[in-house]
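In: only geometry, no sequence info:
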């Protein structure tokens, strides 16, 4: 009888929670829009980007200075990214999701039908065009193997796999795109202004050679060996003879150069231990490759790798994590975005002097990340405008533009937020949690307004998706129903990843500190794993087996035992999350 009474009581609590009215802010959050992944056309006439304005992630174009978007796709699975052809100002390639796989589509800016470039099964990774825009290189992952392919961008659309002797050697530096470019003097683009009321950032020390422990050249390897752990396909060299690829094997990343004629590859970034190497970009003369790496330090920075010798030189490593960089087509200017106290600040480097100057900053917030292999920053071909997607604490993610010489940033898109006033959104507050015998953990907390001692939800994210002071739909939804959301960065945002066991132990120590606070009720919080944070959450459950009221996995990369599995792309995921939190934290 006692057990029956407990079950009936639990059922009554669950029914009561389910019957509670849905806050209006929750309805508004379900219809929140976004815009990201902006790419200017080669003639600097239009911008292509990915937006949810039409109900799901679709490709659209707008005039360079903003305007109403033209929808280009209607993919049920949505669009991941878009890229313009370097020779045809009306042609684009989009990465679409079909049956959970990335597929390459050829589009035009007049919203014509999308054409699938290659029907071969597998996950297709967009690489890059040759300079004349006549060929596109990409990778395919499927059935435990990976391959590189080339397709001609013409009516025939001939597909050729990169194999020894199949791709004809290119003549040095083929003709550039035939699109007429406006003539301008070399000094037509003004130098970026310094922020009003601030001084220029300290000059970056002159780059010194970085000794790579494993920098001795090795014999070229067959593609089967090179492509193990293929993560991204990079751009084609200016002379059309080589292709860059990024591999990830365990926690170690590497950049390889693939000779297209011989179909063999060499490591461009040999190193000892584990390190991250990503976003490879060629210099205009093809002699240098710029990469984002944390080799030999805790934070990501920009380095230049000499192709002939594999020698690495530090270009920009300020001591705080560099999130992204972008090089102008003439190779004279670098834009860098770096993390500072959870937010993003921008600077520009003039090559070869490398003196950093701050750029005018958008409203407080953080740079929106990009799909693997894509840069979150993009210059126009003339190097006078820089585009990026920006996240704010109480507003939608949208496309912004910095225009050199004008001293301001301009917001180009305004995604829908029907019924969601800015003052209705709970803004995150900085949080520091003490750990006995160790340094403090930093993070952010979304605390309900006028709440005396609210229950807590602990969000656990992966190392590549740190807690940032931006609008988080899930966190704002829980705060709207009286739950305080805590997100912590055990080792600081965007620092070198640590083993999941270490992250779990750090979070367990932080929980003990949170439970001692008078303003929070963290006795048995709700555990919410987001994306790659599922691994650390599973380990945390091993450490604190009876320490949580419930477990949720949102877009989990692995299964978490006993967790409510949610997909952020689902229209009703927020309601399921709120209902579950009410039931478990009643």
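Out: Arrived safely. Note that this is a predicted model, so its numbers are computed, not measured.
In: got any ranges where the stretch 1-150 of the chain has weak pLDDT?
Out: Per-residue confidence of the stretch 1-150 of the chain (counting by pLDDT under 70) places the weak regions at 1-22.
In: Do you have the helices of it handy? List them.
Out: When assigned using DSSP state H, counting those that start in this stretch, the helices of the stretch 1-150 of the chain occupy the ranges 2-19, 24-30.
In: what's the answer for the chain, then?
Out: Remark: helices assigned in the chain by DSSP state H are 2-19, 24-30, 223-226, 473-480, 500-515, 534-543, 573-584.
In: Dump those into a markdown table; add mean neighbour count and distance to residue 355 as well.
Out: C-betas here are computed from N, CA, C, even on glycine. Shown next, in a markdown table, are the helices of the chain (neighbours: other Cβ atoms under 10 Å; distance: least, Cβ to Cβ, whole Å):
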| stretch | mean neighbour count | distance to residue 355 |
| --- | --- | --- |
| helix 2-19 | 11 | 58 |
| helix 24-30 | 18 | 43 |
| helix 223-226 | 17 | 38 |
| helix 473-480 | 24 | 39 |
| helix 500-515 | 20 | 38 |
| helix 534-543 | 21 | 40 |
| helix 573-584 | 20 | 47 |
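In: Redo those helices as TSV? Include distance to residue 352.
Out: What follows is those, written out as TSV (distance: least, Cβ to Cβ, whole Å):
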stretch	distance to residue 352
helix 2-19	63
helix 24-30	48
helix 223-226	32
helix 473-480	44
helix 500-515	40
helix 534-543	42
helix 573-584	49
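In: right, so of those helices, which gets closest to residue 266?
Out: helix 223-226 (8.3 Å; Cβ to Cβ).
In: Off-centre distance for the closest one?
Out: With Cα atoms, centre = their mean, to the nearest Å as the basis, helix 223-226 stands 27 Å off its chain's centre.
In: Against residue 523, how distant is residue 513?
Out: Here the distance between residue 513 and residue 523 works out to 13 Å (Cβ to Cβ, to the nearest Å).
In: got it, and residue 122?
Out: 48 Å.
In: the more surrounded of those two?
Out: Using other Cβ atoms under 10 Å, the more surrounded residue of residue 122 and residue 523 is residue 122, with 17 against 12.
In: Surely the more buried one and residue 142 touch.
Out: Yes - the criterion here is Cβ atoms under 8 Å, and residue 122 meets it with residue 142 at 2.7 Å.
In: Residue 465 and residue 30, how far apart?
Out: Counting by Cβ to Cβ - residue 465 and residue 30 are separated by 22 Å.
In: Please apply the same query to residue 468.
Out: Noted for residue 468: a distance of 22 Å to residue 30, by Cβ to Cβ.
In: residues in contact with the residue nearest to residue 374 when sequence neighbours are not counted?
Out: For residue 374, the nearest residue in space outside its immediate sequence neighbours is residue 81; the separation is 5.3 Å by Cβ to Cβ, 6 or more residues apart in numbering. Contact analysis of residue 81 by Cβ atoms under 8 Å, 6 or more residues apart in numbering lists 37, 50, 94, 95, 126, 370, 371, 374.
In: any low-confidence regions in the protein?
Out: For the chain, the stretches with pLDDT under 70 are 1-22, 170-216, 436-438, 491-494.
In: One more pass at 50, please.
Out: Residues of the chain meeting the criterion pLDDT under 50: 1-18, 173-207, 211, 213-214.
In: buried sites along stretch 220-239?
Out: Going by neighbour count (16 or more other Cβ atoms under 10 Å), the buried part of stretch 220-239 is 220-221, 223, 226-227, 230-239.
In: typo on my end, it should be stretch 421-431
Out: Neighbour-count burial for stretch 421-431 flags 424, 425, 426, 427, 428, 431 (criterion: 16+ other Cβ under 10 Å).
In: Spit out the contact partners of the most centrally placed residue in the chain.
Out: In the chain, the C-alpha nearest the mean C-alpha coordinate belongs to residue 369, at 2.6 Å (Cα atoms, centre = their mean). For residue 369, the contacting residues are 323, 376, 464, 465, taking Cβ under 8 Å, 6+ apart as the criterion.
In: of those, buried ones?
Out: Burial by neighbour count, 16+ other Cβ under 10 Å: within the contacts of residue 369 this picks out 323, 376.
In: closest to residue 478 among the contacts of residue 369?
Out: Residue 478 lies nearest to residue 465 out of the contacts of residue 369, by Cβ to Cβ, at 17.8 Å.
In: Isn't that closest one up against residue 531?
Out: Yes - in this structure, residue 465 sits in contact with residue 531. The criterion is Cβ under 8 Å, and the distance is 5.6 Å.
In: Around the residue lying closest to residue 169 once chain neighbours are set aside, how many other residues sit close by?
Out: Counting by Cβ to Cβ, 6+ apart, residue 261 is the residue found nearest to residue 169 once chain neighbours are left out, at 4.5 Å. Using other Cβ under 10 Å as the criterion, residue 261 is surrounded by 15 other residues.
In: Contact partners for residue 261?
Out: Applying Cβ under 8 Å, 6+ apart, we find residue 261 in contact with 165, 167, 168, 169, 241.
In: mind redoing it with 10 Å?
Out: With contacts defined as Cβ atoms under 10 Å, 6 or more residues apart in numbering, residue 261 is in contact with 162, 164, 165, 166, 167, 168, 169, 170, 241, 242.
In: So which of the residues you listed is surrounded by the most neighbours?
Out: Most neighbours among the contacts of residue 261, by other Cβ under 10 Å: residue 242, with 24 neighbours.
In: And for the nearest residue to it once chain neighbours are set aside, the neighbour number?
Out: Once flanking residues are discounted, residue 242 sits nearest to residue 257: 5.0 Å by Cβ to Cβ, 6+ apart. Burial measure for residue 257: 24 neighbouring residues, criterion other Cβ under 10 Å.
In: Quick check, residue 257 in contact with residue 306.
Out: No - in terms of Cβ atoms under 10 Å, residue 257 does not count as a neighbour of residue 306; the distance is 11.9 Å.
In: Now for these two: what residues contact both?
Out: By the contact definition Cβ under 10 Å, 6+ apart, residue 257 and residue 306 are jointly contacted by 268, 289.
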